[in-house]
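Participant: Need a 3D model of the following:
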Amino acid sequence: MLYTAPINHDYLPATPKECANLLSQNALVQLTESSRLTFDKRYLKAGLEGAFCHFWIRESLAIRLMQILDKLPNNRGLVIFDALRNSATSMAIFEKIKASIALENPEFTPVQLEAKTRQFCAHPTDKSHYAVPPHKSGGAIDLALFDTFSGEVLDYGCDFDDLTQVAATRYFESSQLPKAHSNLYPSIDATRTKVIKDNRRYLFNIMKAHGFVNYSGEWWHYGIGDCIWAQYKNQGEYIYEDIADSHIEISPVNNKK
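Facilitator: Numbering: from 1, shown residues only. Got it, this is the predicted structure:
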């Protein structure tokens, strides 16, 4: 199958059988790194509080990731940036983003700064977005495709955790590009735009074909059985509950004292 179709968040509703399968595959499993499944542990490297040493996801996601690897050509693999995430790490990410925004906007009041930060990152205690934050459910994963020969991540136009509009999954689908983004990313010409578009389409469509739902604001974020999946496929009824804060793992960050 060719995964070249335009990006379209038009997911089919989940069937009772699909939901039952996800429930039966709800165990939390640890991903194992290999030559075609590599890890880029950004939050652990940054020393964020509570960051897990290992990547943990629900079994349903792990099964489908292995299926995707079987479908990819030999020169492609998956790199994982984040999976299960607890409240401590979520709060550390929120505060890191807030600090970055504060540097760029020194005139902001505390109220303005908080509001701006919440535009980019939901506060870990805010239930108005999701009853269970996706990464706390074990049903969400952040990833990209990489070249197994060079080891380089494919070009997606911006990095993981980019805070600009360029991170939106469909950003490069616009017929107005590249002029529309030339001020943000002047190095992205028409030729590179096509490469980026093709890379985003391939990742999106192969993930979609294996049951994953994408968060439209981030090209790298996919999930199954979580609240975002539920919004698109199951009339808001999510499968996986919050499991992150009950998961105990001794890591260099947790045990640094």
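
Participant: alpha carbons only for contacts and neighbour counts from here, please
Facilitator: Noted.

Participant: Show me where the stretch 101-250 of the chain has its helices.
Facilitator: With helices called from DSSP state H, counting those that start in this stretch, the stretch 101-250 of the chain shows them at 110-120, 134-137, 190-209, 227-233.

Participant: Of all the residues in the first one, which ones are buried?
Facilitator: For helix 110-120, the neighbour count (16 or more other CA atoms under 10 Å) marks Leu113, Glu114, Lys116, Thr117, Phe120 as buried.

Participant: sorry, back to before: can I get the helices of the stretch 101-250 of the chain in a markdown table including mean pLDDT?
Facilitator: Listed next are those as a markdown table, based on pLDDT from 0 to 100:
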| stretch | mean pLDDT |
| --- | --- |
| helix 110-120 | 89 |
| helix 134-137 | 96 |
| helix 190-209 | 96 |
| helix 227-233 | 97 |
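
Participant: Which of these sits closest to Leu22?
Facilitator: With CA to CA, the closest approach to Leu22 among those belongs to helix 227-233: 11.8 Å.

Participant: among the helices of the stretch 101-250 of the chain, which is the most enclosed?
Facilitator: Of all the helices of the stretch 101-250 of the chain, helix 134-137 carries the top mean neighbour count, a mean of 26, counting by mean count of other CA atoms under 10 Å.

Participant: Give me the helices and strands touching that helix, please.
Facilitator: Using 3 or more CA pairs under 8 Å, 6 or more residues apart in numbering; DSSP states H and E as the contact test, no helix or strand touches helix 134-137.

Participant: can you tell me which of the buried residues of helix 110-120 lies nearest to Asp70?
Facilitator: Set against Asp70, the nearest of these by CA to CA is Phe120 (34.3 Å).

Participant: who touches the closest one in this structure?
Facilitator: With contact set as CA atoms under 8 Å, 6 or more residues apart in numbering, Phe120 has these partners: Leu163.

Participant: Equivalent analysis for Leu145, please.
Facilitator: Leu145 sits in contact with Arg76, Gly77, Leu78, Val79, Val153, Leu154, Leu203, where contact means CA under 8 Å, 6+ apart.

Participant: Show me where this protein has its strands.
Facilitator: Under the criterion DSSP state E, the chain contains strands at 28-30, 37-39, 56-58, 76-82, 140-147, 213-214, 221-223.

Participant: This completes my enquiry, with thanks.
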